[in-house]
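Chemist: Here is a sequence together with a model predicted from it:
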Amino acid sequence: MKKRMIVKITIIYALVICTTGCLGGKYTYKPPDSLPKINNFIEIEEPKDLVWQRLVAGLGREYFVINNLDKESGFINVSYGEDPELFIDCGEISSWVSNLRGRRDYVFPASRAAQQFEQKARVVSYYLQ
């Protein structure tokens with residue numbers, strides 16, 4: 001009985017070693033090539049009330065959700081609810097995984113709002129989103 005148990009454990013151990021030996025992969029992050037120079041300051045020669053009215057109306061029509069605002073101080077807090085890939089460059093992510101099912105390659109912008117891919121970690125590969 002003991003001998004049978006040792007044989008079973010040995011077979012299971014050998015199968016695990018054989019199947020995980022085929023597992024390979026790599027995850028790479030490549031930063032953006034260059035950062036664009038952005039002018040984030042503009043001076044407007046119009047009355048404050050008129051500018052405030054246009055700004056708040058314009059933000060509400062675009063991709064932003066206004067969370068909080070204070071007209072007296074000029075403070076506006078907004079959230080962006082769309083895909084950041086349209087406006088920003090955060091570099092590129094590449095990943096490949098190889099196992100008994102074959103090799104799968106993934107390359108996509110790091111600023112993408114959602115992306116499903118696999119990443120090798122020790123002896124298993126994970127699906128990430």
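Modeler: Structure received.
Chemist: Which parts of this protein are strands?
Modeler: Ranges of strands in the chain, per DSSP state E, are 24-30, 64-70, 75-80, 92-99, 102-109, 117-121, 124-128.
Chemist: Using CSV, write out the CA atom coordinates for the fourth one.
Modeler: As requested, the backbone C-alpha atoms of strand 92-99 are provided in CSV (Å, rounded to 0.1, in the frame of the first residue of the first chain):
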residue,chain,number,x,y,z
GLU,A,92,3.6,50.1,-24.3
ILE,A,93,3.1,46.8,-22.6
SER,A,94,4.1,43.6,-24.2
SER,A,95,3.7,40.1,-22.8
TRP,A,96,4.1,36.6,-24.2
VAL,A,97,3.2,33.3,-22.6
SER,A,98,4.1,29.8,-23.9
ASN,A,99,2.7,26.5,-22.6
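Chemist: in that strand, what counts as buried?
Modeler: 92-93, 95-99 (16 or more other C-beta atoms under 10 Å). Glycine gets a C-beta too; all of them are placed from N, C-alpha and C.
Chemist: quick one on the thing from earlier: need the strands of the chain in TSV with mean pLDDT and distance to residue 49, can you?
Modeler: Listed next are the strands of the chain as TSV, based on pLDDT from 0 to 100; distance: least, C-beta to C-beta, whole Å:
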stretch	mean pLDDT	distance to residue 49
strand 24-30	85	46
strand 64-70	89	14
strand 75-80	88	15
strand 92-99	87	45
strand 102-109	90	40
strand 117-121	72	49
strand 124-128	49	49
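Chemist: Out of these, the one nearest residue 36 is which?
Modeler: strand 102-109 (15.2 Å; C-beta to C-beta).
Chemist: what angle do that closest one and strand 24-30 make?
Modeler: 10 degrees (axes from the mean of the first three to the mean of the last three C-alpha atoms, to 10 degrees).
Chemist: Now do the closest residue to residue 48 other than its chain neighbours, the pLDDT please.
Modeler: Spatially, and ignoring its direct neighbours in sequence, residue 48 is nearest to residue 74 (8.0 Å; C-beta to C-beta, 6 or more residues apart in numbering). Residue 74 is assigned a predicted lDDT (pLDDT) of 87.
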